[in-house]
Each structure stands twice: as C-alpha cells, then as structure tokens.
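>>> What would the 3D arrangement of this be:
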Amino acid sequence: MNILIPNIVLLLKVMIVRNPSPVWRSWRVATLALCRLACIALAAALAGTLPAPVEAQELPEQPVAEKKTVHSDFRTPGPWFLIAYHTPAVGHSRSGNSDRLSELIVNGKLYLSLQDAIDLAVENSFDVELQRFDHEFARTEVERAEGGGLLRGIPTTVSELPAGEGGPGEPLLTTVGGYSPVLQLPSSAGSLATISPTSEDLSITGGTALSSGPAVPQFDPVLSSQFAVAQATQLSASSMTTGSNIEHSHSVLFNLGYQQGFSPGTQVNATFQSDSTNENSTTNNLNPSTNGYFNVSVVQPLLQGFGIRLNRRFIRIAKNEDAIADYVFRQQLISTVSDVIRLYWDFVSLSADLQVKKDSLDTAQRLYQDTRNQVDQGTQAPLQLTSAQAQLESSRGDYINSQGLVLQQELLLKEVLTRKGISDPALANAGIEALTPIATPESETLEPLPEFLQDATRNRPDLLLAHVQLENIKISLQGSRNELLPQLNLVGTVQNNGLAGMSNAGASSATIPASAALMGGYGSFLSQVFSRDYPGYSIGLELDLPLRNRVARADATRDELQSRQTDVRLAQLDSQVRLQVGNAWIAVQQAKTAYQAAVEARKLQEQALNVEQARFDAGVDTAYVLIQYQRDLAQGRSAELTALGVYAKAKTALERAVGLTLQNNGVSIEEAYQGQLSRSPSKPPQ
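A predicted model of the protein is given here:
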C-alpha cells in the first residue's frame, strides 16, 4: 500500500497532463488538490495517525486481557499453497475413562483421596470436555475475523454438578430417632434436583447482539479466472459484413482478476482480460486479432467505513473472545472441582454417619439383650422389653436408610468422576473407600473479609470475563457510530488497453488498412498493455446520503442503551460477588462455632449416658429412660458429623467465591486443557 499511494498521485497527474482540453486544464488545480487531500487521508489511515470521523466519540482502546490460552493445531500436512483448501484436522472426541481410574481400583475397591477425586473429574468430566471444544471456537473466531468475516460468537455457559444426597435439605439433619423411609427414591421434583445438573450463563451482555456496523473489507485476497473457447456459426440475411450469408467466428477468452480489502477500508480490484477472435468478416482490417485491457480500480471510503481501528474491530473483538473463552474454561474448572469437593465431603460425612448408625444399632442390640435378661430375672417389667425392642427396630431402620444414602452418593460420584460410570463392570462392583478425612477447624484462622474481597476481584474468572465483554461492547460501538455517517468514497481507475492482429486478407477494398502499430501477435498485445501505450484514467467521488437515516440512528441508539445496561449489569455482578464472598466468609465462621458447640454437646451427652447406664445397671432407672439418653447421644454424634461436613463445604464455598479453588487444589490450567494431569494417583493402603 505504501507503493500504491505515490502511483495513484502519478497516474492522476498523467491523466490531467495528457488531456489538453480546456475543461481539463480549467479543473487541473482543483482536481490535483482534491487528489492530494484524498491520498494524504489514505496515507494517514495506513499509518494510524488520522482517526476516522467517528473516532471523536469512541473510547480509548483497552489492551486485550491477559490469558494463558492453549489451542490445538488443526492444520493438515501438505504443500503450503494447498493447506487453505484441506479439511481441518479435528481430532475425535474421547469417550473412555482416563488411565488414572484403573490404578485406583484395587481388590474390588475404589480407593479415593480428595486429590484423586479432583484429578478424575478434571480428566473425565463431560462438562469440562465440552468446554474444551468451546474453547477452540475462539481460535476459529480470530481466524474468521482476520479474513474479513463476521463473528459467530462463543458460548459463555458453565454447568454445575448435581447437588447430591448431602446437598440442600441435609439428610444428616433429620431426627435420628424418628422414622424415615428405608429407601429414598427420586419421585418428586425436589428429589430429582439431587441428581439433576444445572447451568449458568456468565454473559452480562444480554440476549440481543449489537448491530454489526459498516461492512469490513475482505482481507483475504480473491483470485478469479476465466478461460473460454467458443465457435459460432450464424446465418444472416445480409452479406455486407462477411461477403456471405454465413458468419463464422472463433474466439478464445481469458480473464484473470485479483481483489483484496485493506484495513483503512480500501478496496483494490485488478483485472486482466484478453479476447482473441478469428472471423470471416470483410469489414475488419485486423483478422485474427487480440484485444483486451489491464484495469486497476481503487475505492477508498472517506466517511463511513474509513479507518484502520474501525475496520479491524472484529479482529480485536475476536482476540478478546479468546480471553473470554479462557475465562469460561477456568470458571467451568472451578465449578466442577468445587462441586466434586462438595460431593466428596458429603460422601465422607454420610459414611461416618453410617458408622454412627451402626454403633447405635449395636448399642440398641445390647440394650435389648440386657433388658431381656433383667426381665427374666424379674428386675425389670416386661413393658421395658417392648420399649427396648422398639428402639432396636428404629435403630435398624435408621441404619438401612443411612446405608441407602451412602450408596446413592457413591453412585453419583462414580458417574461424575468417570465417562462410562457403572456401565464399566469393574467400577460398578467396586465400593468407594474415602481416604481423606475432614480436617477439624481448631487450629485454623480466617483472614479479614477485605482481603478476600481483593482476592475475588483479582481471581474470579466471571468478573474478569465481564470486564472483557464490556470492552467488546465499546469496540462494537465504533461501528454503530460510524454507520451514522454518509457514504463518501473516492474512486480511481487506471486502465491500459491493447489491440494487435494480422492484416485481414479477406478485407474488402473499401476497408482502410490497420495502423502499423497494431500489427503483431499476442506478444505485441501484451507489450501495448504493460507499456501503457493506450491508457485510460478516471477519478471521482461517490456520495450516498440517507435523508432521514432512521435505521442507523435506531441501531446506534439501541447499542448505546445496551452499553449503559451492561454497565449496570457489571455493577450488579460486583455487588453479587461481594455478597457471595461476605456470606461465605460468615458461613465459615458460623460453621466453625457450630462445630465446636456440637463437640461440647456430644461430650456432655456421653457423660450423661455413662451416668444413666450405671443407674440402669444398678436397676435404679428403666430401659425407657436409658433409651432417651442413647438417642440424645446418637443425635449429638450425627450433629457433630453434620457440623464438620458443613464447615468443610463452607470452606469450599469460600474458596470458590474468591476464585482460589484451582490454586488451592493444585489444578494446572494447561494440563486441564490437555485432559491429562501429570500428578500420580494416591497409593491405596496396604
């Protein structure tokens, strides 16, 4: 393009000098001034020193958000000039489980630490795998924009794992001594929610896209060609042209065109055409002959569609979408890892509660035997044996129900951590053995809330994504504002013509002989064209002025309103983040205090039960009173387990609220994107 501008000026000068007519001379000064002004504007646009007319309203360009994007290479092997026409090499989707799973199944048991559960989820989660595909969409967006195409958009939806049996409506909070169904089936909408995933859209731009603005140039060059051979025979009632009523014509047509758009909005078209003919005409003084031309036309917008930043806006948006896709992938990882941690702690709590129910059942069995012995000895009334038997059956029902919850949670874990789930016989028959206990909170301290708020601002992908989306809206507004301007285009054309042939041996005597300069073959024709022996020039302005411009004004107004609406949504998201962090911070403190209270209550209940057990053994109190103390202790143990599980999940929720889930659990973004983590699985206990 730097060579093109001086050539345009030179051609314009030659065009004016070679036309000595008074009209051309009278407009020489004005035309040259206009040409110089247009070329200076074009040069400034190429150098990026002159903003487009709309730039007075646009906001300063922000840098593309930092990211750690890893993309696949879809190129196929072959000659470089054919790669553009090959089908991209897109790999097949993976349907099997990762190799890590087989190393964790030993002797019919799946030994699972918390870290193993996280690694299995990262490698096998369907939600994460789907985001790997969505993440690659961003690369196609950049490539499409660099070619001059419109953007297709990228998904911004992340999925959440099911709540599980230990989710909302904690089963551990039910009364231990009360009756509950032996098997809980998902027969209602509320129960189905425990095994149904949910999704969330992270976008703050709303459901309506902004207007596309003026069309951008097609940056990818287009080469077009035509070659045609024709033979025609026509019958005519007059023999004046050919000396016969039968006209014969043979022709060979060749056309080669090149078209490309450039960032300032410039459109360049170059066309070469030659048409060789041989016919039985008596009026042509050249036969056979070749005629044609080489034409170069340049169209440069001066108002609407003018400017490098304007015409490259989709490229900038696409590169920002690459960052958005990275943030969506990170958010999906955070969601999946956080949900797996929650499900794992629920399984640990349910398994511990199952042991509590087993201990309560054993205690009820011993009480029944002791009461029966005392009834046989006459130290207790037969009615007390009935109470002890009722307590035994109630404890057995609690144990069976707790066992069902553990099995349901185990099934859910198998499905969310693997691809094939229980369709794999080895996994279906393996029971999960949790290796990571929940740490007690005695020695842990909590940082002040302002520090967590700062961490959330720096680390949360959804918040960073929202800022990038806002930047994309500001970039799109450049197109909306520029479309308000009229279309004023500077159009320049240079055409070199050529004609060469042989003297027509069949020409009539009245035909004037052809000029000697036109005698020759195809080479003479090419020499005329590229030596500019017979040039033609034109320059002009094209103006398209919408008188009411209502469509463009409506689009610009709506886009400005959507921009303001997005500002409000961003402020709303900031408020939600502060609320989530604050609630999670408070929940951790409350959970810690509740756990400490539950521990003290359980200790006091153990002491009270020991005293009552001694009174029962001495025959002072009845079995009915002892049963009440045993129920209180069972409730206290379950409440302690529940409080500890709630504390662990509150910490997980706080990690997610501040965006530190991946960092605190050692998840690498690059390895997660590849779908294979380098960390070795845990060794099962000997």
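>>> Helix or strand with the lowest mean pLDDT in this structure?
Least confident helix or strand, the chain: helix 22-26 with a mean of 39, by mean pLDDT, DSSP states H and E.
>>> Let me see the ranges of the strands in the stretch 351-500 of the chain.
Per DSSP state E, counting those that start in this stretch, the stretch 351-500 of the chain carries strands over the ranges 431-434, 487-503.
>>> average pLDDT for the last one?
Yep, that's strand 487-503 we're talking about. Mean pLDDT, strand 487-503: 94.
>>> got it, and stretch 570-580?
Stretch 570-580 shows a mean pLDDT of 95.
>>> With stretch 324-343 instead?
Averaging pLDDT along stretch 324-343 yields 95.
>>> Off-centre distance for that stretch?
14 Å (Cα atoms, centre = their mean, to the nearest Å).
>>> can you check stretch 442-456 too?
The answer for stretch 442-456 is 31 Å, by Cα atoms, centre = their mean.
>>> Show the average pLDDT along that stretch.
89.
>>> buried ones in it?
Buried residues in stretch 442-456, counting neighbours by 16 or more other Cβ atoms under 10 Å, are found at 452, 453, 455, 456. Any C-beta I mention is one placed from the backbone N, CA and C, and that applies to glycine too.
>>> which stretches of the stretch 151-300 of the chain form strands?
157-160, 198-201, 222-235, 246-261, 267-279, 286-301.
>>> circling back: closest to residue 398 among the buried residues of stretch 442-456?
residue 452 (39.2 Å; Cβ to Cβ).
>>> separation between that closest one and residue 659?
10 Å (Cβ to Cβ, to the nearest Å).
>>> Could you dump the strands of the stretch 151-300 of the chain into TSV and include mean neighbour count and mean pLDDT?
Below are the strands of the stretch 151-300 of the chain laid out as TSV (neighbours: other Cβ atoms under 10 Å; pLDDT from 0 to 100):
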stretch	mean neighbour count	mean pLDDT
strand 157-160	19	92
strand 198-201	11	88
strand 222-235	10	91
strand 246-261	15	92
strand 267-279	17	95
strand 286-301	20	94
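>>> Using CSV, please lay out those together with distance to residue 628.
Putting the strands of the stretch 151-300 of the chain into CSV (distance: least, Cβ to Cβ, whole Å) gives the following:
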stretch, distance to residue 628
strand 157-160, 42
strand 198-201, 42
strand 222-235, 88
strand 246-261, 86
strand 267-279, 91
strand 286-301, 89
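>>> Can you check which of these gets nearest to residue 442?
strand 157-160 (31.8 Å).
>>> Flag the shaky bits of this structure, pLDDT-wise.
Filtered on pLDDT under 70, the chain yields the residue ranges 1-73, 75, 167-194, 237-244, 507-510.
>>> Specify the residue ranges that define each domain of it.
100-211+312-474+557-674, 222-261+266-304+487-544 (automatic domain parsing).
>>> Now the element after the one helix or strand residue 605 maps to, going C-ward?
Using DSSP states H and E, residue 605 falls within helix 550-617. Sequence order places helix 623-658 as the next helix or strand after helix 550-617, per DSSP H and E.
>>> Which other helices and strands does that following helix contact?
Under the contact criterion of 3 or more Cβ pairs under 8 Å, 6 or more residues apart in numbering; DSSP states H and E, helix 623-658 touches helix 313-377, helix 382-417, helix 449-459, helix 550-617, helix 661-664.
>>> try 7 Å this time
On a contact count with 3 or more Cβ pairs under 7 Å, 6 or more residues apart in numbering; DSSP states H and E, helix 623-658 meets helix 313-377, helix 382-417, helix 449-459, helix 550-617.
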